[in-house]
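Engineer: Whatever this is, show me its structure:
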Amino acid sequence: MHATGNAPAIRAFFDEPTNTVSYLIWDPATRDGAVIDPVLDWNNRSGEADTRSADEILRAAASEQVTIRWVLETHAHADHLTAAPYVKAKTGAPIGIGEHIRDVQRIFRPVFNAQDLKPDGGDFDRLLKDGEHLALGRLTIEVLHVPGHTPADVAYRIGREVFVGDTLFMPDYGTARADFPGGDAVMLYQSIRRLLDLPPDTRLWMCHDYKAPGRDHYAWETTVAEQRAHNTQVHDGVTQQAFVDFRKARDATLAAPLLLLPSIQVNIRAGRFPDAEDNGVRYLKIPVRAKGGVAAMEQDAKP
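Structural biologist: Numbers count the residues shown, from 1 in each chain. Prediction:
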């Protein structure tokens, strides 16, 4: 747990199956808190969902006598399903996300024919603007719009603590990919530079860690100074064009995240599963892209 002076107390929770870090943060004076990027335990083989990880956060909040006032998403994740609605159901805390989630929804609504998706971001309780401030007891959370990985990414800043979402990774691992629909490597570079223009002693809290080669432990806390000096992909001196060229070449080699399709469908709905069909069962969809002989087979099967 970290807490210094007029700063939040912070507890991190690492979910190894998805390499995701969730956070419980709170004002030590008032015990008002927030949960950032909670993970829903999802078995992709069986379609079973569980709340073990979220329950661990809730137990920690209870042990610290923290009242959860916010559930905050840094973006619509493509690698894990969010447990935000479960935390909301248990605490009454509203779910917040960057206002550009509407852009992400416009991209993916037709992909999944998501007719039940509420219009204009309505599945979320609060759409947050760049520069907006949220009260957390006597502390203030500042919203920073940091697009590039997706159009909707935001970081949350409280004094010299910043929860960066999927913009930066640990210095020895680099930066997030920018090849998802709506992603943009130029915007990602500019967002990263915005973060790295903060004071050098600003602490940056990652959303993921994958253990860079040669490192035998997971890590998710670094500083602006460390990133500027040592980030393998975007340290000081790396130009925008050099970063964009690298990022595009690197992203072209990356496979889609394992949980991309279920995650996006659920997370653009603020963690809500699609409405049940007439048999009372909820389903997640897999869009089929027929190629080669499969496409010819489908063509031959038409009446």
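Engineer: Going by C-alpha atoms from here, please, whenever you check contacts or count neighbours.
Structural biologist: Will do.
Engineer: what's the average pLDDT for stretch 93-105?
Structural biologist: The average pLDDT within stretch 93-105 is 97.
Engineer: buried ones in that stretch?
Structural biologist: Neighbour counts over stretch 93-105 (16 or more other Cα atoms under 10 Å) mark 93, 94, 95, 96, 97, 98, 99, 100, 101, 102, 104, 105 as buried.
Engineer: again with stretch 56-75
Structural biologist: Buried-residue list, stretch 56-75, by 16+ other Cα under 10 Å: 57-58, 61, 66-75.
Engineer: mind listing which of those residues are in helices?
Structural biologist: Here DSSP state H is the test, and the buried residues of stretch 56-75 give 57, 58, 61 as lying in helices.
Engineer: Please convert the residues you listed to CSV, extending it with distance to residue 153 and pLDDT.
Structural biologist: Formatted as CSV, those follow (distance: Cα to Cα, whole Å; pLDDT from 0 to 100):
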residue, distance to residue 153, pLDDT
57, 23, 98
58, 25, 98
61, 26, 98
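Engineer: Can you list the helices and strands that the helix or strand residue 188 falls within packs against?
Structural biologist: Using DSSP states H and E, residue 188 maps to helix 185-196. Where contact means 3 or more Cα pairs under 8 Å, 6 or more residues apart in numbering; DSSP states H and E, helix 185-196 is packed against helix 224-230, helix 240-251.
Engineer: at 7 Å instead, please
Structural biologist: helix 240-251 (3 or more Cα pairs under 7 Å, 6 or more residues apart in numbering; DSSP states H and E).
Engineer: Tell me, what's the model's pLDDT at the closest residue to residue 131 other than its chain neighbours?
Structural biologist: Nearest residue to residue 131 in three dimensions, chain neighbours excluded: residue 143, at 5.2 Å (Cα to Cα, 6 or more residues apart in numbering). Model confidence at residue 143, given as pLDDT, is 98.
Engineer: Tell me the secondary structure of residue 143, please.
Structural biologist: With DSSP: H, G, I helix; E, B strand; the rest coil as the basis, residue 143 sits in strand.
Engineer: before we move on, what SS does the nearest residue to residue 81 once chain neighbours are set aside have?
Structural biologist: Spatial nearest neighbour of residue 81, chain neighbours left out: residue 263 (4.8 Å); criterion: Cα to Cα, 6+ apart. Three-state call for residue 263 (three-state DSSP): helix.
Engineer: now do residue 6
Structural biologist: Under three-state DSSP, residue 6 comes out as coil.
Engineer: what's around it, how many residues?
Structural biologist: 14 (other Cα atoms under 10 Å).
Engineer: Name the residues linked to residue 33 by a beta bridge.
Structural biologist: With DSSP bridges as the criterion, residue 33 is bridged to residue 26, residue 68.
Engineer: Pull up the per-residue confidence for the residue nearest to residue 81.
Structural biologist: pLDDT, residue 263: 97.
Engineer: Likewise for the one 10 residues further on?
Structural biologist: Turning to residue 273, the model gives it a pLDDT of 95.
Engineer: Looks to me like it is in a strand.
Structural biologist: No. Read with three-state DSSP, residue 273 is coil and lies in no strand.
Engineer: From residue 263, how far off is it?
Structural biologist: Residue 273 sits 10 Å away from residue 263, going by Cα to Cα, to the nearest Å.
Engineer: Those two: which is more packed in?
Structural biologist: residue 263 (24 against 17).
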